[in-house]
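> Sequence first, then the predicted structure, then my questions.
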Amino acid sequence: MRSAVLALLIAGLAAPALANEGKLDYDHQEKWSAALDRAQSPIDIVTASATPASGDEPQALEFRLSDDVDKVEDNGHAVQVDTHAAQAQIRGRHFSLAQFHFHAQSEHTIDGRHYPLEGHFVFKAQDGRLAVVGVMFQEGAANAAAQTIIDDLAAHAATARDIDIEALMPKKHEYYHYLGSLTTPPLTENVEWYVLAAPVTMSKDQLGAFLARYPHNNRKIQPLNGRPVIHSAG
Ligand SMILES: [Zn+2]
């Protein structure tokens, strides 16, 4: 009897985190594992506890758009746009946009508050370093760029269209920066996060279109474990 229980336990431990390929089981996140798990994302950003950015280094996030095609896809756990249509100078270093995707509700919280949707703009440096810019979306005026994504997704658009990425970002680049991780397996650490303080609006219907596809693809808040959160006025 005891060995049967043990066998069940082992079977339970060995159960894969991925229920089937491309799908993430957000209801059994405890089965996800990271090689390192002391500096994970997302986190709750406590604005009153954030450290002002040092004046000794460049702080700005600057985005430069270039002409390239964008491909909207449903990757099995999020709505994602594969694109190289933007370059960024992030604190003085050059990055290229690799893709962006959306989580509902927001993965990060700001002073404990979730937004209905969070966009992750995944930038990669030439040396492979990842910097993810997080953008919060709230209900308000309709967003033309969001509508392009929704339309392409509904149409299973084979041909790519230009998406106005700037329209998916706030004008003001005030941010909270910390070192964290990918929020989906393999949960790799040493990812630079820049969560923008100013939210961007989408209409109720537009938010609904994203939530209809993935109403719950947000990882739970992870412990800060003493990491500094840096605030830059942008
Ligand atoms: Zn993400």
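Thanks, I have it.

> contacts, neighbours, all on C-alpha from now
OK.

> Which residue ranges of the chain form helices?
Assigned by DSSP state H, the helices in the chain fall at 2-14, 144-154, 204-213.

> Which of these comes out lowest on mean pLDDT?
Lowest mean pLDDT within those: helix 2-14, at a mean of 47.

> which residues does residue 59 contact?
Applying CA atoms under 8 Å, 6 or more residues apart in numbering to residue 59 gives the contacts 53, 90, 91, 92, 232, 234.

> one more time with 7 Å, if that's ok
91, 232, 234 (CA atoms under 7 Å, 6 or more residues apart in numbering).

> okay, now the domains of the protein?
1-32, 34-232 (automatic domain parsing).

> Mean pLDDT lowest where, among the ones you listed?
Among the domains of the chain, domain 1-32 scores lowest, with a mean of 62.

> Quick check, residue 50 in contact with residue 230.
Yes - Residue 50 lies in contact with residue 230 (CA atoms under 7 Å); the separation is 5.5 Å.

> Among those two, which residue is more densely surrounded?
residue 230 (19 against 16; other CA atoms under 10 Å).

> sorry, back to before: can you tell me which of the domains of the chain is packed in deepest?
Among the domains of the chain, domain 34-232 has the highest mean neighbour count (mean count of other CA atoms under 10 Å), at a mean of 18.

> got the end-to-end distance for that one?
Using CA to CA, to the nearest Å, the end-to-end distance of domain 34-232 comes to 29 Å.

> ok now it, how far from the chain's centre?
Offset of domain 34-232 from its chain centre (CA atoms, centre = their mean, to the nearest Å): 4 Å.

> What separation do you get for the nearest residue to residue 34 once chain neighbours are set aside and residue 173?
Spatial nearest neighbour of residue 34, chain neighbours left out: residue 187 (5.6 Å); criterion: CA to CA, 6 or more residues apart in numbering. Residue 187 sits 26 Å away from residue 173, taking CA to CA as the criterion.

> who's in contact with the spatially closest residue to residue 99 that is not a sequence neighbour?
Leaving aside its sequence neighbours, residue 99 sits nearest to residue 82 (CA to CA, 6+ apart; 4.4 Å). For residue 82, the contacting residues are 70, 71, 72, 98, 99, 100, by CA under 7 Å, 6+ apart.

> for the last one, what are its contacts?
Right, the one you point to is residue 100. Taking CA under 7 Å, 6+ apart, one finds 80, 81, 82, 119, 120, 121, 122 in contact with residue 100.

> Test my guess that residue 228 contacts residue 178.
Yes - with contact defined as CA under 7 Å, residue 228 reaches residue 178; the gap is 6.4 Å.

> Give me the distance between residue 72 and residue 79.
Residue 72 is 7 Å from residue 79, by CA to CA.

> Please disregard the earlier target; I meant residue 230.
Distance from residue 230 to residue 79, by CA to CA: 29 Å.

> Same question for residue 31.
To residue 79, residue 31 is 23 Å away according to CA to CA.

> what's the answer for residue 174, then?
For residue 174, the distance to residue 79 - CA to CA - is 26 Å.

> now residue 138
Relative to residue 79, and taking CA to CA, residue 138 is found at 17 Å.

> same deal with residue 105?
In terms of CA to CA, residue 105 sits 13 Å off from residue 79.
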